[in-house]
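Asker: I need the structure of the sequence given here:
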Amino acid sequence: SQRRAASRGLCGLCAAMACSTPRGGHSSLAGGAGSSAAEAGPGSFRRGDRVQIWSQSQGAWLEGRVELVLTEATPSEDGIVVPKGSVRVATARSVMIVPPGKAAEVLRPVSDEAALVAVIGPGAGVRANKPVYQELKQDARFRVQVLGGRGENYDRYPEYWEGGSPAPNLESFAAELASQGVIARSDCVVAGSRGGQVVLPHLWRALGAAMPPAVVVNGGCAMAMPGPAVQWPQNAVTILLLGGDDYFRSGTPPREYVMNARKRVPSANTSTAILYVREMEHMPQTSLMQLLLRPLLLVAIYWRASGRAPSFELRSICRDLEASGWNGQLSFLEASGSWAEVNFGAAGAEQPDSPPHAKARAGERSAKNYEMEAQWEEERASELEVKVAEKEKELNLLRGQLADAREKARRLKEAAAREAHAAAAAPDGGAWCHLL
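Answerer: Now for the predicted structure:
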């Protein structure tokens, strides 16, 4: 299993360097081709292979499967001659034929050994950052499984939190995930906000050394929290993504915020990175997540597989952040207790909020966070209204069925009474009783 994970990590990082957007479109011919299919074709494509095909019209990679590879030039139903070596691919919506000269540009194989990424739905921003997760699902290097969702009956803190609730809650949800085995089978986990505060620590306690690497948005597992102490496994591979404009920071100076997170990492651990982005909000900006999520997943998987700190890859991420106008600092363990630091942009984590603007920035963050929470609650209220309407519809249906059943019972009782009365009033009724 570890050897397979190593292969995935190494191949994934190589693919990240080599993958590029196609330079052009592809031919899409309607109708089928009437030729026999080759078992192997150009670029080692075979019948039945899972592939991704570039859609020029949609500007995205689509999932598909190779139906056949032509062994000879074949006329289509439209009379167009399809050249030898063309690959016929079926997607969910259409069938496309790719000429041999275009296959390298618009087709890419999807390995059945693609890394399985488990996304803890509550807190991960699956809806707010929908484009990010759509891109992740379309990437051939990953298979994505979203576990649970915001607003479900278990999406609430446990009882030992202020305002918490008994099960079902996020802790019982985590226990169910651990028992199902879906987390242990994954190659990496993504958790955010309350998912990092409640779900991930429970998974750590339940799975221990079997816990896969984790990318933790908002760094919830490294906060001071009520309830059981967080049992951070010594061998855990963890990448924390912290935000300077995240209300989780609660006004703590940036440097202190990062150092507090470091202190919670086990002293013997050698595989933790903390990426602090000064401009990141509690719900990370979509542009930031598009830049970070996939590279961080690859780094986490590679780190677990190779056992060494992916220093080059982490520093490359910092360069990309700086080039895109983000500021902050990366801290990562090169060995037990040995933290390397990389500043990017103008501020890093050393530069606190400047005194003249600190109060104004805090006020802006507070107002923004209240607005965000209000928006989430409004969305949750809308979802609950839909559920209430559905339940009321079901209840009205049951009430109708109950009324019908009562009416039917009443009529049957009346019919029984009439039959009994008629039997008693029959002329020969007494004679029959005498004979019996």
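Asker: Gly243 bridge partners, please.
Answerer: With DSSP bridges as the criterion, Gly243 is bridged to Val277.
Asker: Which of the helices or strands spans the residue nearest to Gly85 when sequence neighbours are not counted?
Answerer: Of all residues beyond its chain neighbours, the one nearest Gly85 is Pro100 (3.6 Å), with distances taken as Cβ to Cβ, 6 or more residues apart in numbering. Any C-beta I mention is one placed from the backbone N, CA and C, and that applies to glycine too. Counting by DSSP states H and E, no helix or strand carries Pro100.
Asker: My guess is Pro100 contacts Ala73. True?
Answerer: No - applying Cβ atoms under 8 Å, one finds Pro100 not in contact with Ala73, separated by 10.8 Å.
Asker: between the two, who's got more neighbours?
Answerer: With neighbours defined as other Cβ atoms under 10 Å, Pro100 and Ala73 compare such that Pro100 has more, 16 against 13.
Asker: What does that one show for phi and psi?
Answerer: phi -60, psi -30 (degrees, to the nearest 10).
Asker: Tell me, what's the model's pLDDT at it?
Answerer: Confidence at Pro100, expressed as pLDDT, is 90.
Asker: Spell out the residue ranges of the helices in the chain.
Answerer: 2-18, 103-106, 130-138, 170-180, 194, 200-207, 254-263, 286-306, 311-323, 355-425, 429-435 (DSSP state H).
Asker: closest to Gln231 out of those?
Answerer: Gln231 lies closest to helix 200-207 among the helices of the chain, at 5.0 Å (Cβ to Cβ).
Asker: by contact count, what packs against that closest one?
Answerer: Of the remaining helices and strands, those touching helix 200-207 by 3 or more Cβ pairs under 8 Å, 6 or more residues apart in numbering; DSSP states H and E are helix 170-180, strand 188-192.
Asker: Rounded mean pLDDT for the first one, please.
Answerer: Right, helix 170-180. 96.
Asker: List the buried residues of it.
Answerer: Leu170, Glu171, Phe173, Ala174, Ala175, Leu177, Ala178 (16 or more other Cβ atoms under 10 Å).
Asker: Could I get the helices and strands packed on helix 200-207 in CSV, plus columns for distance to Ala229?
Answerer: Output for the helices and strands packed on helix 200-207, formatted as CSV (distance: least, Cβ to Cβ, whole Å):
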stretch, distance to Ala229
helix 170-180, 14
strand 188-192, 18
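Asker: Between those, which one is closest to Val51.
Answerer: Closest among these, using Cβ to Cβ: strand 188-192, at 23.3 Å.
Asker: Export the helices of the chain to TSV and append columns for distance to Thr91.
Answerer: Output for the helices of the chain, formatted as TSV (distance: least, Cβ to Cβ, whole Å):
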stretch	distance to Thr91
helix 2-18	21
helix 103-106	12
helix 130-138	12
helix 170-180	31
helix 194	37
helix 200-207	35
helix 254-263	44
helix 286-306	22
helix 311-323	31
helix 355-425	32
helix 429-435	79
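Asker: looking at those helices, which one has the lowest mean pLDDT?
Answerer: Looking at these, the weakest mean confidence is helix 2-18, a mean of 39.
Asker: In contact with the closest residue to Ala175 other than its chain neighbours, which residues?
Answerer: Of all residues not flanking Ala175 in the chain, His202 sits nearest, at 6.5 Å (Cβ to Cβ, 6+ apart). Residues counted as contacts of His202 (Cβ atoms under 8 Å, 6 or more residues apart in numbering) are Glu171, Ala174, Ala175, Ala178.
Asker: and the first one, how far is that from Asp155?
Answerer: So the one you mean is Glu171. 12 Å (Cβ to Cβ, to the nearest Å).
Asker: what do you get for Asn235?
Answerer: 30 Å.
Asker: neighbour-wise, which of the two wins?
Answerer: Set side by side, Asn235 and Asp155 show more neighbours around Asp155, with 19 against 15, by other Cβ under 10 Å.
Asker: coming back round to it: so for Val87, which of the helices and strands packed on helix 200-207 sits nearest?
Answerer: It is, among the helices and strands packed on helix 200-207 and with distance given as Cβ to Cβ, strand 188-192, at 31.3 Å.
Asker: Mind giving me the packing neighbours of the closest one?
Answerer: strand 115-120, helix 200-207, strand 214-217, helix 286-306.
Asker: Just say which of those is most tucked in.
Answerer: strand 214-217 (a mean of 26; mean count of other Cβ atoms under 10 Å).
Asker: what lines up beside it in the sheet?
Answerer: Strands that pair with strand 214-217, judged by DSSP bridges, come out as strand 188-192 (parallel), strand 238-245 (parallel).
Asker: Tell me which of the ones you listed sits most buried.
Answerer: strand 188-192 (a mean of 29).
Asker: I'd like the next helix or strand past it.
Answerer: helix 194.
Asker: Now do that following helix: everything it contacts.
Answerer: By Cβ under 8 Å, 6+ apart, helix 194 touches Pro122, Gly123, Asp155, Tyr157, Leu170, Gly220.
Asker: Common neighbours of Pro100 and Ala73, please.
Answerer: Pro83, Lys84.
Asker: in this structure, which residue is closest to the centre?
Answerer: For the chain, the residue nearest the mean C-alpha position is Val119 (3.3 Å; Cα atoms, centre = their mean).
Asker: Which strand residues bridge that one?
Answerer: Val146, Val190.
Asker: Am I right that it is in contact with Arg127?
Answerer: No - judged on Cβ under 8 Å, Val119 makes no contact with Arg127 at a distance of 11.9 Å.
Asker: just to revisit the earlier point, restricted to strands, list the contacts of helix 194.
Answerer: Of the positions in these, not one sits in strands, assigned by DSSP state E.
Asker: Turn the residues you listed into a markdown table, columns for distance to Val51.
Answerer: Converted to a markdown table, those look like this (distance: Cβ to Cβ, whole Å):
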| residue | distance to Val51 |
| --- | --- |
| Pro122 | 33 |
| Gly123 | 34 |
| Asp155 | 37 |
| Tyr157 | 43 |
| Leu170 | 38 |
| Gly220 | 38 |
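Asker: Mind picking the two most distant members of the residues you listed?
Answerer: Pairwise distances across these peak at 14.5 Å for Asp155 and Gly220 (criterion: Cβ to Cβ).
Asker: returning to that earlier point: just so I know, which of the helices and strands packed on strand 188-192 lies nearest Val132?
Answerer: Nearest to Val132, of the helices and strands packed on strand 188-192 and by Cβ to Cβ, is helix 286-306 at 4.4 Å.
Asker: Give me the angle between that closest one and strand 188-192.
Answerer: 140 degrees (axes from the mean of the first three to the mean of the last three Cα atoms, to 10 degrees).
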